[in-house]
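Peer 1: Sequence first, predicted coordinates after that:
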Amino acid sequence: MEFSYFKKQITKLSNFEIGGLEAQFKLAPKIRKQYSEDIINSKSPKKAAVLVIFYPDSNGKLNFLLTHRASYNGTHSAQISFPGGKFDVKDKSLKYTALREANEEVGIKTNDVSIFKQMTDVYIPPSNFIVTPFLSYLEYTPQFIKNYEVEVLIEVTISDFLNDNAVTSTTLSTSYANKIEVPCFILNNYIVWGATAMMLSEIKELINKIK
C-alpha cells in the first residue's frame, strides 16, 4: 500500500468503528481470555500508552514501527512492542504519555506526529498494566534513534503485515506459564504475540477496510 493512498484514507479510518475485544481476541493467548472487565477493574491496573507510527519508507510504501526491547530483569524483557510506556503523574493525558515515550525511545519529533485514532485498551496480566494504543502518522521517512530501552528497531511493511501467512501460532514458555501455545504474527522474522499481537489484530481489521 502506498503511503499517499493511506493518508487519503485517514478521515475514513478515524471514523470507522473499531473491532474491540472481538478483534483482539483472535490473537489472544487463552489465559488472557480468563480476565473479565470486572476482574481487571478489581486489580486497579496501572495505566500505560503506546504509539503506532505509520510512515512512508524511501519508496513511498506504508510502514509502521515495532521495537525489540532490550533485555533487563523485568516482565517485558526482550519482548516485541510498540514505542510507549507507563503513564506519569506529570503527563497531561495518555496521548501525551504515548508521544513522550515514543520521543524518548525512538527519537521521533513529537510536533511532527499526527494522532488520528485511539484503539481498544489491552490488559497485560503479568505486569498489571492496562495499555491504550494510539494510531498516528508521520509525513516523511523518519530517522529513528533508539535509546537504551530498545535493542532493535523493526520497520514493518503493511503488505507483509496484511499477508494472512503472517498469522500463525507457536509454543513458548513465559514468566507465568510453561510451554503454552499462543497465536502470533511473524513479522520480519520476529515472533509477535501477547498484548502487541492483540493490538495488531484490531489494527489489521481496521486497515483491511481500506484495502
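Peer 2: All right, it came through fine.

Peer 1: Quick check: mean pLDDT of the longest strand along the chain?
Peer 2: Longest strand of the chain, by residue count under DSSP state E: strand 46-56. The pLDDT scores in strand 46-56 average 98.

Peer 1: what's that strand packed up against?
Peer 2: Secondary-structure packing of strand 46-56 (3 or more C-beta pairs under 8 Å, 6 or more residues apart in numbering; DSSP states H and E): helix 3-8, strand 62-69, strand 84-86, helix 94-106, strand 129-137, helix 194-207. Quick note: C-beta positions are derived from backbone N, CA and C, even for glycine.

Peer 1: so what secondary structure elements neighbour the second one?
Peer 2: Right, strand 62-69. On a contact count with 3+ C-beta pairs under 8 Å, 6+ apart, strand 62-69 meets helix 3-8, strand 46-56, strand 80-81, helix 94-106, strand 150-157, helix 158-162, strand 190-192.

Peer 1: give me the low-pLDDT residue ranges for the chain?
Peer 2: 72-78, 174-177 (pLDDT under 70).

Peer 1: quick revisit: now the helices and strands packed on strand 62-69 in a markdown table, with mean neighbour count and distance to Ser71?
Peer 2: Listed next are the helices and strands packed on strand 62-69 as a markdown table, based on neighbours: other C-beta atoms under 10 Å; distance: least, C-beta to C-beta, whole Å:
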| stretch | mean neighbour count | distance to Ser71 |
| --- | --- | --- |
| helix 3-8 | 15 | 33 |
| strand 46-56 | 22 | 20 |
| strand 80-81 | 23 | 13 |
| helix 94-106 | 22 | 15 |
| strand 150-157 | 17 | 7 |
| helix 158-162 | 16 | 25 |
| strand 190-192 | 19 | 15 |
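
Peer 1: which one of the ones you listed lies closest to Phe129?
Peer 2: For the helices and strands packed on strand 62-69, proximity to Phe129 was assessed by C-beta to C-beta; strand 46-56 is nearest, at 4.8 Å.

Peer 1: Okay, angle between that closest one and helix 94-106 too, please.
Peer 2: 70 degrees (axes from the mean of the first three to the mean of the last three C-alpha atoms, to 10 degrees).

Peer 1: i'd like the first residue to be 11 from this point on
Peer 2: Okay, using 11 as the starting number, the last item reads as strand 56-66.

Peer 1: how close does Ser81 sit to Tyr158?
Peer 2: From Ser81 across to Tyr158, the span is 11 Å (C-beta to C-beta, to the nearest Å).

Peer 1: Which helix or which strand is home to the closest residue in space to Glu212 that isn't next to it in sequence?
Peer 2: In this structure, Glu212 finds its nearest non-sequential neighbour in Ala33, 4.1 Å apart by C-beta to C-beta, 6 or more residues apart in numbering. Using DSSP states H and E, Ala33 maps to helix 30-34.

Peer 1: If anything else comes up later, I'll come back, but that's it for now.
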